[in-house]
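In: Sequence below, structure please.
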Amino acid sequence: MKGPFTDSESVKGPFTAHALLGKRRQMTAVSTPSDRVSAYFHRKPRLRLGLLLGAPMLWLGLAYLVALGALFVTAFWSTDVFTGNVVTDWSLDNFVTLFSDSVYHTITLRTVGIALLVTVIDAVIAFPMAFAMAKLASPRAQRILVIAVMTPLWASYLVKAYAWRTLLSGNGVLNWLLSPFGGTGPGYGITATVITLCYLWLPYMILPIYAGLERLPDSLVDASGDLGARSPRTFRSVILPLAFPAIVAGSIFTFSLSLGDYIAVKIVGGTSQMLGNVVYDNIGAAGNLPFAATVGLVPVVIMLVYLAAVRRTGALNNL
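Out: The predicted structure follows:
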């Protein structure tokens with residue numbers, strides 16, 4: 001099949017070069033509007049990037065940053081004790097109440113402790129699972145295991161939380177299994193809250209660690225073994241440092257999600273409270289929106305401190 005500029009055309013006469021040049025110009029000149037638009041954006045990479053990121057950044061600004069700004073402003077307002085209406089006079093009374101009342105100190109420490117405990121437990125459980133998925137399983141088994149890890153995310157949050165409530169109840173499955181050995185389940189409380197949150201957020205820890213371990217070259221592990229390092233030394237000196245950014249990524253998910261959760265503790269926490277419950281109760285039953293905004297700033301500040309601490313480790317640079 002002959003193209004437009006075959007060798008047979010190169011021997012047709014002295015005007016062949018001019019004819020070929022004219023053909024090239026005609027082919028170059030014929031372009032569709034979409035080609036011209038594409039060529040324009042190709043010459044303007046910054047404009048192209050701005051258009052691609054414009055809509056997401058606008059949505060982020062409206063749905064997140066503006067909401068945070070409104071939360072911050074509302075925290076300085078107050079509520080009329082007689083009418084229940086919000087008074088837009090600026091005041092620090094909400095912050096004084098938050099910092100002076102020991103009840104809120106206890107709730108804050110409890111919330112941070114639960115979030116840290118859930119993060120540590122999930123990391124301990126997730127790492128061997130992710131390592132087996134990334135380094136020991138076959139490609140076909142990897143796909144099956146990834147789907148199996150993601151499957152709980154497709155179920156409703158409330159269904160999973162109430163399933164744990166059934167398991168941990170006084171006449172639930174856990175007590176039934178432990179009763180022959182003289183044991184009992186933890187019942188409702190902080191322990192039940194930690195167990196439920198660990199189950200809920202475990203996939204968010206497994207998947208980042210799996211992605212990080214999958215990028216780990218097998219040659220590094222083999223080289224460590226060739227140099228005489230045993231498995232514990234290889235884990236400490238090779239695998240763990242390279243997988244640390246992935247663990248940090250998973251910890252951001254589990255810590256932040258546990259820090260702001262209020263539904264699980266309502267379902268299985270018994271009389272225990274977390275910061276999310278205080279916000280929820282002040283918005284609903286108490287009708288004190290300014291104080292709810294003040295309490296809502298606490299998890300935001302804690303997360304900023306957590307991210308700053310993580311950033312100082314340098315782990316975020318390798319994500």
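In: use CA for all of it now, contacts and neighbours both
Out: OK.
In: Run a quick neighbour tally on Ala63.
Out: Residues contacting Ala63 under the criterion other C-alpha atoms under 10 Å number 11.
In: low pLDDT regions in the stretch 101-250 of the chain?
Out: Of all residues in the stretch 101-250 of the chain, none has pLDDT under 70.
In: let's see 80
Out: Scanning the stretch 101-250 of the chain for pLDDT under 80 picks out 170.
In: what are the ranges of the helices in it?
Out: 102-131, 139-150, 157-168, 173-178, 190-214, 218-226, 231-234, 240-259 (DSSP state H, counting those that start in this stretch).
In: how about these in JSON lines, adding mean neighbour count and distance to Val73?
Out: Formatted as JSON lines, the entries for those read as follows, by neighbours: other C-alpha atoms under 10 Å; distance: least, C-alpha to C-alpha, whole Å:
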{"stretch": "helix 102-131", "mean neighbour count": "18", "distance to Val73": "21"}
{"stretch": "helix 139-150", "mean neighbour count": "14", "distance to Val73": "39"}
{"stretch": "helix 157-168", "mean neighbour count": "17", "distance to Val73": "31"}
{"stretch": "helix 173-178", "mean neighbour count": "16", "distance to Val73": "47"}
{"stretch": "helix 190-214", "mean neighbour count": "22", "distance to Val73": "31"}
{"stretch": "helix 218-226", "mean neighbour count": "13", "distance to Val73": "52"}
{"stretch": "helix 231-234", "mean neighbour count": "13", "distance to Val73": "51"}
{"stretch": "helix 240-259", "mean neighbour count": "21", "distance to Val73": "22"}
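In: Export the ones you listed to JSON lines and append columns for distance to Pro299.
Out: Output for those, formatted as JSON lines (distance: least, C-alpha to C-alpha, whole Å):
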{"stretch": "helix 102-131", "distance to Pro299": "9"}
{"stretch": "helix 139-150", "distance to Pro299": "27"}
{"stretch": "helix 157-168", "distance to Pro299": "21"}
{"stretch": "helix 173-178", "distance to Pro299": "33"}
{"stretch": "helix 190-214", "distance to Pro299": "17"}
{"stretch": "helix 218-226", "distance to Pro299": "40"}
{"stretch": "helix 231-234", "distance to Pro299": "37"}
{"stretch": "helix 240-259", "distance to Pro299": "7"}
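In: Please parse this protein into its domains.
Out: Using the TED database, the domain ranges for the chain come out as 36-75, 92-313.
In: Turn the ones you listed into TSV, columns for distance to Asn85.
Out: Output for the domains of the chain, formatted as TSV (distance: least, C-alpha to C-alpha, whole Å):
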stretch	distance to Asn85
domain 36-75	13
domain 92-313	9
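In: so which of those domains gets nearest Thr83?
Out: domain 92-313 (10.6 Å; C-alpha to C-alpha).
In: Using CSV, list the CA coordinates for stretch 147-162.
Out: The C-alpha coordinates for stretch 147-162 follow below in CSV (Å, rounded to 0.1, in the frame of the first residue of the first chain):
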residue,chain,number,x,y,z
ILE,A,147,-11.3,-7.6,46.9
ALA,A,148,-11.7,-9.4,50.2
VAL,A,149,-10.2,-6.5,52.1
MET,A,150,-12.4,-4.0,50.3
THR,A,151,-15.6,-6.0,50.6
PRO,A,152,-16.4,-4.7,54.2
LEU,A,153,-16.3,-1.1,52.8
TRP,A,154,-19.2,-1.9,50.6
ALA,A,155,-21.4,-2.7,53.6
SER,A,156,-23.3,0.0,55.5
TYR,A,157,-21.5,1.5,58.5
LEU,A,158,-24.5,1.1,60.7
VAL,A,159,-24.9,-2.6,59.7
LYS,A,160,-21.3,-3.3,60.8
ALA,A,161,-21.6,-1.3,64.0
TYR,A,162,-24.8,-3.0,65.0
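In: Pull the contacting residues for the most centrally placed residue in the chain.
Out: Geometric centre of the chain, nearest residue: Phe253, 3.9 Å, by C-alpha atoms, centre = their mean. Counting by C-alpha atoms under 8 Å, 6 or more residues apart in numbering, Phe253 touches Trp201, Tyr204, Met205.
In: wait, what's in contact with the second one?
Out: When contacts are counted by C-alpha under 8 Å, 6+ apart, Tyr204 touches Gly250, Phe253, Thr254.
In: Which single one of the residues you listed is nearest to Gly270?
Out: Thr254 (21.9 Å).
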